[in-house]
Structure formats: C-alpha cells, structure tokens
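Trainee: got a sequence here, can you build the structure:
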Amino acid sequence: MLKDYAAQEGLSHGRLHIENESRFRTCFQRDRDRIIHSSAFRRLKHKTQVFIEHEGDYYRTRMTHSIEVAQVARTVAVALDLNEELTEAVALAHDLGHPPFGHAGEGTLRQLMEPYGGFDHNAQAIRIVTSLERHYAEFDGLNLTWETLEGIAKHNGPVSDDIPYALAEYNKRHDLELDTYAGPEAQVAALADDIAYCSHDLHDGLRAGLFSTDELNELPLLKGCFSEVDAVHPGLDRYRRQHEALRRFFGLMVEDVIEQSARRLAELAPRNATDIRKAGRPVVRFSEPFKERMNVVREFLFDRMYRAPDVLRMRRNVKGAVEDLFEMFIRRTDLLPEQWRRDVQAAEGETAMARIVVDYISGMTDRFALQEHGRLCG
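Mentor: A predicted model of the protein is given here:
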C-alpha cells in the first residue's frame, strides 16, 4: 500500500493538454510507455556513457544505463511504499537530453551556447518531451504528467538560479515549482542514478583495463566485499570473484539508501508529497558515513577512469567534431534536414537559430555525429 506522501494517480496535477484517461493504464504508466516509445529514448542505445558507443559492445550506453537506473529505482520505491510507476518513468527519462559523446559533448555544447542561453542536459530533456518529440496530432512533445515533468526537471534538486532557457520557457506555460525539491519518487530516481553508475563504471573500467581488481580491493567499501567473497568462495576465478564483489557492493548501496531514507521519512513524518517538496533538504539519501566512503569510490573513478589518458584523448577528439558541426550548421543551415530547415525559416534571430542547431546536434547518436562530421567536414 502506498504511503500518503507517495504520488497518487487520482491526485495528479494532470497534463498541459487535457486527454481522456486510459481504461487499462494509470497516467504514470502511460508516461513511462510514451518515454520508452519515443525517438529520443531509442537513440540512447548509441550514445556514450563513458566510452564512445562504437569502442566495444560490452560497455554501457545511455540506454543500458537508463534501464539499470530504472531497475534500482523500482526496487527502492517499492521498499519505501512509493509510486513505482512514476519512479520508473522519471528514471527512464532522466538522460534523454544528453548529447552525443556524454559529458564531453555536453561540455562542448555548453561552451558553444554561452552566447545563446547555454546548454543543460536536464533542461534539454524537458525540451525533448515537451516540444521536440513531434508524433501526436494534438500537441508537440509527449504531454507527460506534471509529476513526471517535475521529476525530470529537478530530480537533482531545486532549480532557482540561472534557469536554463529550455526549462524556463516551458515553466512559463506549466509551473513546475522549480524552487522546491522534487517529490520522493524523483529523489529515488536521482539516487538510483548514482548507484547505477558507481556500480557499472567499475565493471566497465575493469573491462577496459583502466585499473585492476587489486586496486579496487584497497577501497574501503570494496575491501569488505572482496573479503566476504574470498571467505565464502575460496579460489574463485578472477572474473567471477570481481563480479561477486561488485554485486555485494551494489547491494550495500541499495540497502543503505533504503534504510537511511526510511529513517529520514519517519523523522519528517510528511502528511503528503508537498511536505517532502518543502522540507528544505532531500529525504532520499545515503547515510553520512556511507556517503563519505562512497566519495572515495567516486574520486577513484574520476582519477582512474574519467581522467584516464585514453578517455581524455577521446574527449578532445569528439570536442573538435562537435565544434565543427555546430559552426558548419550555423553557417550553412541549408545542410540541415528538411524538417529542421523549416524550423530555421520560422526562427527569429541568431539565438533562435542557434537553439535549433543545438537541438539537432544534441539529438545525434555518437555514430551519426561522426558520420556527419566525416561527410561534411572531411
């Protein structure tokens, strides 16, 4: 049974465009399904998580990452008696706004768009689901519920300073209460994101040879996991041993979030989701001791994986490709596909044109961006 502060289908703030309700699915199930069937979600299959998509079939992509986040989020939501369907919808949509080449691509677009209002992947996700997905006869976007849109916009916390234009524009039409925290389901999705990437990036880093099992065994949280595996399964082969240890690490993260969040919710004793939004702090969190040990793992990943020479070299290369494409399309809008050229013709001013160009580039997959760069820029 859902808690009183969980999202309730019958009490949803609704959609911007009124629709008839489904006879078979709740409003949050419909949101989830629309996200899964969107073009932007399909393109996540060929977008970078850390490694460029074509560097190996084993490594996580934005799609596999999003699916893993959704799995963790559902587990935590059910344990806390929250709305599982809303939690899953936010988790699946949280990375829709990421451009090709991961954070390298986002950082490049942010620099290029500084004169035109900047670029932010969370805000771009809102732009995608409220405008750029154009499949329905009655409206642009997916016409998601207020709760799902709020979760996408501020699952990482309130957005009150320097609101990105893509978010500010929609917020004028449909107030998402950006100055408060998100509801508990979106907070669960945000922590699930942390859990998923900390776990699978260790897997991928080992696979890529960026660090060794022995080095992981030196990390405070991992040391106990390896010791437990060795005690239960002495002499286990290297691949099974590291998988079993990382599986236990994964479980530790999930268990700590559930226990700590349940404790915080009991202390706050919220009567409804509004009490959680106005609590002034997130209620879904790691415990402080566990968070400190998690920071050691994050620092290890930054030093040994995200700043690894091969990864940095890749980022420099793709940064140049994104810059070339942006400058090319700004100069030659006639090179854009027909539907995008129509948008350019209706645009007023350089800023509007630049935003159309960044919408097009940010929607590209890694593979397509490299192909277009080769075709247009040699």
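
Trainee: tell me which element the spatially closest residue to Leu2 that is not a sequence neighbour falls in.
Mentor: Among residues not flanking Leu2 along the chain, Asp81 sits closest, at 5.6 Å (CB to CB, 6 or more residues apart in numbering). (Glycine included, C-beta is placed from N, CA and C.) Assigned by DSSP states H and E, Asp81 belongs to no helix or strand.

Trainee: tell me the confidence at Asp81?
Mentor: On pLDDT, Asp81 comes in at 98.

Trainee: how many other residues sit next to it?
Mentor: Other residues within reach of Asp81, judged by other CB atoms under 10 Å, total 16.

Trainee: let me see the backbone angles for it.
Mentor: Main-chain torsions, Asp81, degrees, to the nearest 10: phi 60, psi 40.

Trainee: show me the contacts for it.
Mentor: Contacts for Asp81 (CB atoms under 8 Å, 6 or more residues apart in numbering) come out as 1-3, 6.

Trainee: from Arg25, how far out is it?
Mentor: Asp81 sits 21 Å away from Arg25, going by CB to CB, to the nearest Å.

Trainee: give me the phi and psi for Thr48.
Mentor: The phi/psi pair for Thr48 (degrees, to the nearest 10) is phi -60, psi 140.

Trainee: do Thr145 as well
Mentor: Dihedral pair for Thr145: phi -70, psi 160, per degrees, to the nearest 10.

Trainee: does it touch Arg34 like I think?
Mentor: No: contact criterion CB atoms under 8 Å: Thr145 and Arg34 do not qualify, at 10.2 Å.

Trainee: who touches both of the two?
Mentor: The overlap between the contact sets of Thr145 and Arg34 (CB under 8 Å, 6+ apart) is empty.

Trainee: got any ranges where this structure has weak pLDDT?
Mentor: Applying pLDDT under 70 to the chain flags the ranges 50-58.

Trainee: and it, what are its domains?
Mentor: Domain assignment for the chain, taken from automatic domain parsing, gives 24-173, 184-310, 312-377.

Trainee: which of those is buried the deepest?
Mentor: A comparison of the domains of the chain by mean neighbour count, using mean count of other CB atoms under 10 Å, puts domain 24-173 on top with a mean of 21.

Trainee: and that domain, how far out from the chain middle?
Mentor: Centre-to-centre, domain 24-173 and its host chain are 6 Å apart (CA atoms, centre = their mean, to the nearest Å).

Trainee: residues contacting stretch 321-329, please?
Mentor: By CB under 8 Å, 6+ apart, stretch 321-329 touches 99-101, 105, 108-109, 112, 335-336, 357-358, 360-361, 369-370, 372-373, 376-377.

Trainee: quick one: which of those sit in strands?
Mentor: Judged by DSSP state E, strands contain none of the contacts of stretch 321-329.

Trainee: nearest to Val76 among the contacts of Asp81?
Mentor: Set against Val76, the nearest of those by CB to CB is Ala6 (12.5 Å).

Trainee: re the thing from before, which one of the domains of the chain lies closest to Arg15?
Mentor: domain 24-173 (5.0 Å).

Trainee: state which helix of this structure is the longest.
Mentor: helix 238-268 (DSSP state H).

Trainee: tell me which strands and helices it is in contact with?
Mentor: Helix 238-268 sits against helix 62-79, helix 184-208, helix 213-216, helix 220-232, helix 288-301, with contacts defined as 3 or more CB pairs under 8 Å, 6 or more residues apart in numbering; DSSP states H and E.

Trainee: let me know the angle separating the first one from helix 184-208.
Mentor: Computed with axes from the mean of the first three to the mean of the last three CA atoms, to 10 degrees, the direction of helix 62-79 lies at 130 degrees from that of helix 184-208.

Trainee: quick check: what element follows helix 62-79 along the chain?
Mentor: Next helix or strand after helix 62-79 toward the C-terminus (DSSP H and E): helix 84-93.

Trainee: which residues touch that next one?
Mentor: For helix 84-93, the surrounding residues in contact (CB under 8 Å, 6+ apart) are 7, 26, 28-29, 31-32, 35-36, 41, 66-67, 69-70, 72-74, 76-78, 125, 129, 144, 147-148, 151-152, 155, 183, 185-186, 188-189, 192-193.
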